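>>> okay, predicted coordinates and the sequence, questions at the end:
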Amino acid sequence: MSSVGEKLKQRRQSLSLTQQQVADELGVSVTTVKNWETGRHIPKLYLEPTKVLCDLLKLSLDDLVA
């Protein structure tokens, strides 16, 4: 089973998005995105940024956390 960070990284790469592009869309630093992808931190986002992340990566919330 993939972790949230692994899912984020795999999906981002499959969509040819950079960590910087994801960071810019969410209004966070690229370091934050790197930390999510390595599992150092779990994304702690409010509803709207979570929706933006899921829309950007074309994932449902269930797909992201399952």
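Sure thing, it's come through. Numbers count the residues shown, from 1 in each chain.

>>> report the contact partners of the residue nearest the centre of the chain.
With the centre of the chain defined as its mean C-alpha position, the nearest residue by CA atoms, centre = their mean is residue 8, 4.4 Å away. Neighbouring residues of residue 8 by CB atoms under 8 Å, 6 or more residues apart in numbering: 22, 33, 36, 37, 43, 53, 57, 64. Quick note: C-beta positions are derived from backbone N, CA and C, even for glycine.

>>> distance of it from residue 48?
Separation of residue 8 from residue 48 (CB to CB, to the nearest Å): 18 Å.

>>> picking up where we left off before, tell me which of the contacts of residue 8 fall in helices.
Using DSSP state H, 22, 33, 36, 37, 53, 57, 64 are the members of the contacts of residue 8 that sit in helices.

>>> which of these scores worst on pLDDT?
Lowest pLDDT among these: residue 64, with 79.

>>> ok, and the closest non-adjacent residue to residue 5?
Spatial nearest neighbour of residue 5, excluding adjacent residues (CB to CB, 6 or more residues apart in numbering): residue 39 at 4.3 Å.

>>> who's in contact with that neighbour?
Counting by CB under 8 Å, 6+ apart, residue 39 makes contact with 3, 4, 5, 6.

>>> what's the helix or strand for the third one?
According to DSSP states H and E, residue 5 maps onto helix 4-14.

>>> averaged pLDDT, that helix. What do you get?
On average, helix 4-14 scores 94.

>>> buried set for it?
By neighbour count on 16 or more other CB atoms under 10 Å, the buried set for helix 4-14 is 4, 5, 7, 8, 9, 11, 12.

>>> and if you look at stretch 29-47?
Buried residues in stretch 29-47, counted by 16+ other CB under 10 Å: 32, 33, 35, 36, 37, 43.

>>> want to throw those residues into TSV with distance to residue 17?
Listed next are those as TSV, based on distance: CB to CB, whole Å:
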residue	distance to residue 17
32	15
33	10
35	17
36	13
37	12
43	15
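
>>> of these, closest to residue 18?
Proximity of the buried residues of stretch 29-47 to residue 18 was ranked by CB to CB; the top entry is residue 33 with 9.2 Å.

>>> got the contact list for that closest one?
8, 19, 22, 23, 26.
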